[in-house]
Every structure is written in structure tokens, then in C-alpha cells.
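A.B. asks: give me a model of this one.
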Amino acid sequence: MSLNGKRVAVLVEQLYQEMEVWYPVYRLREAGCVVELVGPEAGKTYTSKLGYPAKATLSAKDAKGDDFAAVVIPGGFSPDYIRRSADLLRLVREVYAAGKPVAAICHGPWVLCSTTALKGRRVTCFHSIKDDVTNAGGTYVDEEVCIDGNVITSRTPEDLPAFVVAIIEMMRKG
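C.D. replies: Numbering: from 1, shown residues only. Model (predicted):
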């Protein structure tokens, strides 16, 4: 299946991890996807942990799960802010419920802890949040990339190549 024109939401909020936003954005665009940076407010610039800007192209309130083929949740400290947004959580829940890829890396699974997506699933993440993942019903595994159903998780920026390949492969399978 071609990914040309498939829309992917990459969530942005303050203090995101640079590589975990931009590596997936560029790789998914190279694969033909239309990538939207979805944040609480469209047009607002969210800065990374190091101050690198990411301007939201779409507001969470205007983002609907039916409009996207996948959602990517980066790490850094942004997941702590993302999970405070009812609209961002709604978007993640809609994409998850539709059986589309929900991909979270590093601290990104913190967002999934605020949904039911981890219940009964094998999940990896940055080691400091493994207790949160377990308490949310997931089974923590220390793997480069973990795929369970439509949930894709990885641990750190070093895992990004395998993480993005898994997203692309799952999207191609439809």
C-alpha cells in the first residue's frame, strides 16, 4: 500500500525531545505521508528541551481520528503536557479505537497511560516510566521496538530507525 497522501499526526507540546519529533516527521514525509504537527493551539510555536521550535499546523480540537492514518507521540517532557489536554487525549483514543497505529517513544507512553491503550499489551519505554506503564496495565519489556496490536513503542532516540520503520510497515499493511 502506498503511503502517498496518508495523514499522520505528530503531537507537539513544550519541552519535546527534538529527534523524537523531527526524525519521524522527515522520514514519514519521505515515505509520502502528509504530516501535521498537532498541538493544543494551531499556529503556536512549541519549543523543545533545547529551544528548537515546532509550530503546530493543526489544533487538537480540530483534529479528528478519522482524518489520520496514525499518530506519533514523542518523548522529552512534552508527554506530561500532552496528557493535560483533553483534546489531544481524545485524538489518541480515537486513532487507537480505530485500530490505526499509535506510536509512542521514550516518555511518550506516559500519554498512553492516560488512555486504555496499554491494558494487556507488551510495551517498552524509557526505563524511568516503566512503573507507570505497568500500573496502567501494560507489561514492560526492554526492547528496541515493541509492537502489540496497533501500539508501537520504543525506548530512546537511539531506537528511532526501528521505531519509524515499524510505523511505516504497519501503515503499509493497512
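A.B. asks: mind listing what's buried in stretch 127-134?
C.D. replies: By neighbour count, and taking 16 or more other CB atoms under 10 Å as the criterion, the buried residues in stretch 127-134 are Ile129, Lys130, Asp132, Val133. Just so you know, the C-beta spots here come from the backbone N, C-alpha and C atoms, and that holds for glycine as well.
A.B. asks: equivalent analysis for stretch 141-159, please.
C.D. replies: Burial within stretch 141-159, assessed by neighbour count using 16+ other CB under 10 Å, is assigned to 145-148, 150-157, 159.
A.B. asks: of those residues, closest to Thr116?
C.D. replies: Using CB to CB, Val151 is the member of these that lies nearest Thr116, at 11.0 Å.
A.B. asks: so what's that closest one bridging to?
C.D. replies: Partner residues in beta bridges with Val151, using DSSP bridges, are Val102, Asp148.
A.B. asks: what pLDDT is listed against the closest residue to Lys64 other than its chain neighbours?
C.D. replies: Beyond its immediate neighbours in the sequence, the residue positioned closest to Lys64 (CB to CB, 6 or more residues apart in numbering) is Glu94, lying 6.8 Å away. Model confidence at Glu94, given as pLDDT, is 98.
A.B. asks: do the one 3 residues further on as well
C.D. replies: Here the pLDDT value assigned to Ala97 is 98.
A.B. asks: correct me if wrong: the residue nearest to Lys64 contacts Ala60.
C.D. replies: No: contact status for Glu94 versus Ala60: not in contact, 11.2 Å apart, counting by CB atoms under 8 Å.
A.B. asks: so where's this protein uncertain?
C.D. replies: Low-confidence segments of the chain (pLDDT under 70): 1.
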